[in-house]
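Engineer: Build me a model from this:
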Amino acid sequence: MRLTQHALDYMTHELLPNVLKSLSDVQLSEGASGTYSGISYRMWNINIHNIAVKHPDMLFQMPSGIQLCLKEITANISSSWHAEWQFLSDSGMVNVVMPDGFVCASIQVSTRNGLPQVKLAQVDADLDLESVSFSQSNFPWVMNWGAWLFQSKLEEVAANKIRDQVSTFINSDLARMLNDLDLKVLLPMPEVHDSLSINLALDYIGTKQDYLQVDIRGAISSVSHTDRVCPFPQEPFQSALPSTWSTRMASITASKRTVECFLWMLNSTGILSYTLLPSGVPDNALGLKLDTDFMSILAPGLKDLYPSTQPLLVRADVGRELPTFDFQKGRMGINVPMVFSFRRLQASMLYDTSEFLFSVLADVHGRVELFVEPSPTAGGPQQLRAHATILEPSNIREGSSIAGPVNLMMASQLLAIIKQPAEDALNTDTFSKQYIPLGDPTGALTLGNVNANVSEEGVFFLSDLVVNWTWDRQEMMKVLNGLGPPGVQTVTLESTATAGPPSQDPEATRDEGATSKGGRNGGVLDPVHVDLRFIASEAGEDMYQAWVRGDVPDGHVCERYGSRVLELFSLQKLGEMAESGDTTNKDGFDKIFSEEGICEGSPSRTLHGHGQDTAKLNMEQEGDSTVNGNA
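Structural biologist: The predicted model follows:
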């Protein structure tokens, strides 16, 4: 797999909020003190706030690294100060504007236990501060004389802190995000009561001049038979990509062995086997019927074995020899050794495989085309599917028989008639139900806008990336999709706040509804319940459906609250609560309501977010039911 500069630009966009979060409103624990020209000074409560970055970027850095640079950083820095000179002393606040600055970090990228690993190699920071301004000073002329000293110390302390924060983010936060990547894909096979598991691991990461090379190995196994090992030998592999690879974020090439192993494991589940009943035989010029009378053309001994006509079925199974295939322009050609077993059906049963009559062996040729289609679930990952076309059989030969010798003269024509229903069944019953999801909506990485291509050099995919790798976002998705029926997580916010004195308007009491605990009419507010369900992730934005409700005596649902922004809960706290089974927030949400909810209607709301710390709902008392916030 190759990751291009477009991927780095996207990752920069995804990482920047996390980096800024680690830098914003930082209070430095350390201060500065010293003596200069007889003046003793001390600074403490040093704060960096209102930080912004105009030009962030990530660049490839050979041989195995990436450089993250935040350029044109602006911020405000403030500090408390105290100074003494002979018999004079003074104190106050100092403020300085940082109009420009940069921080660049060199990040080494490698693999460990099949996952990407990052390590900070070097970080440099340079800040440009304007002249400082003092407030609350009794001797401003003295302080202005020594302003350069304060400016120098603040610049040094701030640069050290920014370096430390970036280092911590890369070595701790980013490393943990990458370590939490789940590179497993599960392919359910409901028809055969089994599933395939594709476990991906990273073998190598190296930086080239204009892309990042990532070598991936995959282990394909059956969930019920983990001891199966792909019989195809490992061979050197050279990727062959079209010239347009550099225009997309990611390009992925699958080796021939990858396809061979997948087809072999898919066949091992038995899902490629096919049974044709008499009713499934299409109309044909030969008048073919699946019974002993007609099939005596192939096995003349059937008439002697069964004087009266008996119904038959045909069971098609992949033979002992392994299927082979080759890459062609736009498709894959495949050759499958097949065994066509003719079996007698008992009159009282639909299926009966207990009585084998005879078999015919043949090499069935076909072609497989790959295509990518949208997920049937809104916001779900795209799906890789296949369509098969069965061609004429060849190399037809006699198998075994209990009805005497098999006459192969008409075998080709008879098998050709069976071909069409087999092809329809393969595409309708098998390939239409089986697909490879190109990502996991609850995981950290999903491919987007995928194009699948097959050429004579191999099969390759060009795609964009959708990264969901913050702890908050991943944990929230797991909670919403894995706990509660069906994927809904409810959090109850207990409030001990009162809503003020009871209303004196009896009409308002009757129309708006009085709660059992007081509410608008005085007393303690009712508990508030928040139901969240993950809907989709589009263009890096996660969407949740949210219902905010409060119980009232007559059974209505309070869906709307006063026009205000409500600080509900941190996503990390919600995840911890859900995983522990504690659905009652006891951390004091008394401040979130100043009035009782208005009970009217039950519109659901959509909550948009970008994986930040605090979920915010902006609910207008009389407005749109769409809620914009951070989740």
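Engineer: The lengthiest strand in the chain pairs with which strands?
Structural biologist: Longest strand in the chain, counting residues (DSSP state E): strand 39-61. Strand pairing for strand 39-61, determined by DSSP bridges: strand 26-28 (antiparallel), strand 32-36 (antiparallel), strand 65-85 (antiparallel).
Engineer: Most tightly packed of the ones you listed?
Structural biologist: strand 65-85 (a mean of 19; mean count of other C-beta atoms under 10 Å). Bear in mind the C-beta positions are built from the backbone N, C-alpha and C, glycine included.
Engineer: Quick one: mean pLDDT for that one?
Structural biologist: Across strand 65-85, the average pLDDT comes to 89.
Engineer: got it, and stretch 37-55?
Structural biologist: For stretch 37-55, the per-residue pLDDT averages 86.
Engineer: So which bits of it are buried?
Structural biologist: Neighbour-count burial for stretch 37-55 flags 39, 41, 43, 46, 47, 48, 51, 53 (criterion: 16 or more other C-beta atoms under 10 Å).
Engineer: JSON lines for the residues you listed, including distance to residue 198?
Structural biologist: Output for these, formatted as JSON lines (distance: C-beta to C-beta, whole Å):
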{"residue": "39", "distance to residue 198": "69"}
{"residue": "41", "distance to residue 198": "63"}
{"residue": "43", "distance to residue 198": "57"}
{"residue": "46", "distance to residue 198": "51"}
{"residue": "47", "distance to residue 198": "49"}
{"residue": "48", "distance to residue 198": "46"}
{"residue": "51", "distance to residue 198": "42"}
{"residue": "53", "distance to residue 198": "38"}
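Engineer: Okay, now the unreliable bits of the stretch 301-450 of the chain?
Structural biologist: Applying pLDDT under 70 to the stretch 301-450 of the chain flags residues 347-354, 378-379, 429-433, 440-444.
Engineer: Mind jotting down where the helices sit in it?
Structural biologist: 301-305, 411-425 (DSSP state H, counting those that start in this stretch).
Engineer: Tell me the helices and strands packed up against the last one.
Structural biologist: Helix 411-425 is packed against strand 274-276, strand 312-318, strand 356-373, strand 383-401, with contacts defined by 3 or more C-beta pairs under 8 Å, 6 or more residues apart in numbering; DSSP states H and E.
Engineer: for the first one, packing partners?
Structural biologist: It stands for strand 274-276. Checking 3+ C-beta pairs under 8 Å, 6+ apart, strand 274-276 ends up next to strand 312-318, helix 411-425.
Engineer: How about residue 16, nearest residue that isn't a chain neighbour?
Structural biologist: Nearest non-adjacent residue to residue 16, counting by C-beta to C-beta, 6 or more residues apart in numbering: residue 56, 5.1 Å away.
Engineer: And stretch 101-119, what's buried?
Structural biologist: Buried-residue list, stretch 101-119, by 16+ other C-beta under 10 Å: 101, 102, 103, 104, 105, 106, 107, 108, 109, 111, 116, 118.
Engineer: from those residues, which is closest to residue 6?
Structural biologist: Each of those was scored against residue 6 by C-beta to C-beta, and residue 109 proved nearest at 17.4 Å.
Engineer: how close does that closest one sit to residue 234?
Structural biologist: Noted for residue 109: a distance of 25 Å to residue 234, by C-beta to C-beta, to the nearest Å.
Engineer: residues near residue 128, how many?
Structural biologist: Number of residues near residue 128 (other C-beta atoms under 10 Å) recorded here: 13.
Engineer: okay, the helices of the stretch 301-450 of the chain in CSV with mean neighbour count and distance to residue 369 next?
Structural biologist: Shown next, in CSV, are the helices of the stretch 301-450 of the chain (neighbours: other C-beta atoms under 10 Å; distance: least, C-beta to C-beta, whole Å):
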stretch, mean neighbour count, distance to residue 369
helix 301-305, 17, 39
helix 411-425, 17, 13
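Engineer: Reformat those as a markdown table; add distance to residue 128.
Structural biologist: Formatted as a markdown table, these follow (distance: least, C-beta to C-beta, whole Å):
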| stretch | distance to residue 128 |
| --- | --- |
| helix 301-305 | 95 |
| helix 411-425 | 70 |
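Engineer: what's the closest of those helices to residue 145?
Structural biologist: Taking those one by one with C-beta to C-beta, helix 411-425 is closest: 90.9 Å.
Engineer: taking the buried residues of stretch 101-119 one by one, which sit in strands?
Structural biologist: 101, 102, 103, 104, 105, 106, 107, 108, 109, 111, 116, 118.
Engineer: quick one on the thing from earlier: among the strands paired with strand 39-61, which comes closest to residue 164?
Structural biologist: strand 26-28 (9.6 Å).
Engineer: I'd like the C-alpha coordinates of the lengthiest helix in the chain written as CSV, please.
Structural biologist: Scanning the chain for the helix with the most residues, using DSSP state H, yields helix 147-168. Extracted C-alpha coordinates of helix 147-168, given in CSV (Å, rounded to 0.1, in the frame of the first residue of the first chain):
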residue,chain,number,x,y,z
ALA,A,147,10.4,44.4,29.5
TRP,A,148,12.9,42.6,27.2
LEU,A,149,13.9,40.4,30.1
PHE,A,150,10.3,39.3,30.8
GLN,A,151,9.8,38.8,27.0
SER,A,152,12.9,36.6,26.8
LYS,A,153,11.9,34.4,29.7
LEU,A,154,8.3,34.0,28.6
GLU,A,155,9.5,33.0,25.1
GLU,A,156,11.9,30.4,26.6
VAL,A,157,9.3,28.9,28.9
ALA,A,158,6.5,28.9,26.3
ALA,A,159,8.8,27.3,23.7
ASN,A,160,9.8,24.6,26.1
LYS,A,161,6.2,23.9,27.1
ILE,A,162,5.0,23.7,23.4
ARG,A,163,7.9,21.3,22.7
ASP,A,164,6.9,19.2,25.7
GLN,A,165,3.2,19.2,24.7
VAL,A,166,3.9,18.1,21.1
SER,A,167,6.3,15.5,22.3
THR,A,168,3.7,14.1,24.7
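Engineer: Pull out the buried residues from the helix or strand following that helix.
Structural biologist: Using DSSP states H and E, the helix or strand that directly follows helix 147-168 along the chain is helix 175-179. For helix 175-179, the neighbour count (16+ other C-beta under 10 Å) marks 175, 177, 178 as buried.
Engineer: tell me what helix 175-179 is packed against?
Structural biologist: strand 115-128.
Engineer: Tell me the strands beside the strand it packs on, with direction?
Structural biologist: Here, using DSSP bridges, strand 115-128 pairs with strand 100-112 (antiparallel).
Engineer: now what about the partner strand, what contacts it?
Structural biologist: 61, 64-75, 116-128, 162-163, 166-167, 170, 202-205, 207, 212 (C-beta atoms under 8 Å, 6 or more residues apart in numbering).
Engineer: Stretch 403-417 now?
Structural biologist: Taking C-beta under 8 Å, 6+ apart as the rule, stretch 403-417 contacts 281-282, 284, 286, 288, 297-302, 304-305, 340, 357-358, 360, 362, 392-393, 396-399.
Engineer: ChimeraX command for the buried members of those residues?
Structural biologist: Those of the contacts of stretch 403-417 that count as buried under 16+ other C-beta under 10 Å are selected in ChimeraX with:
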select :281,288,297,298,299,301,302,340,357,358,360,362,393,396,398
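Engineer: for the helices of the stretch 301-450 of the chain, which one sits closest to residue 144?
Structural biologist: The nearest among those, by C-beta to C-beta, is helix 411-425 at 88.1 Å.
Engineer: CA-only coordinates of that closest one, as CSV, when you get a sec.
Structural biologist: Taking C-alpha atoms only, helix 411-425 is exported to CSV below (Å, rounded to 0.1, in the frame of the first residue of the first chain):
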residue,chain,number,x,y,z
ALA,A,411,-21.6,-34.6,-21.7
SER,A,412,-20.5,-31.2,-22.9
GLN,A,413,-24.0,-30.3,-24.2
LEU,A,414,-25.7,-31.5,-21.0
LEU,A,415,-23.3,-29.6,-18.7
ALA,A,416,-23.8,-26.5,-20.8
ILE,A,417,-27.5,-26.6,-19.9
ILE,A,418,-26.7,-26.8,-16.2
LYS,A,419,-24.3,-23.8,-16.5
GLN,A,420,-26.9,-21.0,-16.5
PRO,A,421,-28.8,-22.0,-13.3
ALA,A,422,-25.5,-22.6,-11.6
GLU,A,423,-24.3,-19.1,-12.6
ASP,A,424,-27.5,-17.5,-11.5
ALA,A,425,-27.3,-19.3,-8.1
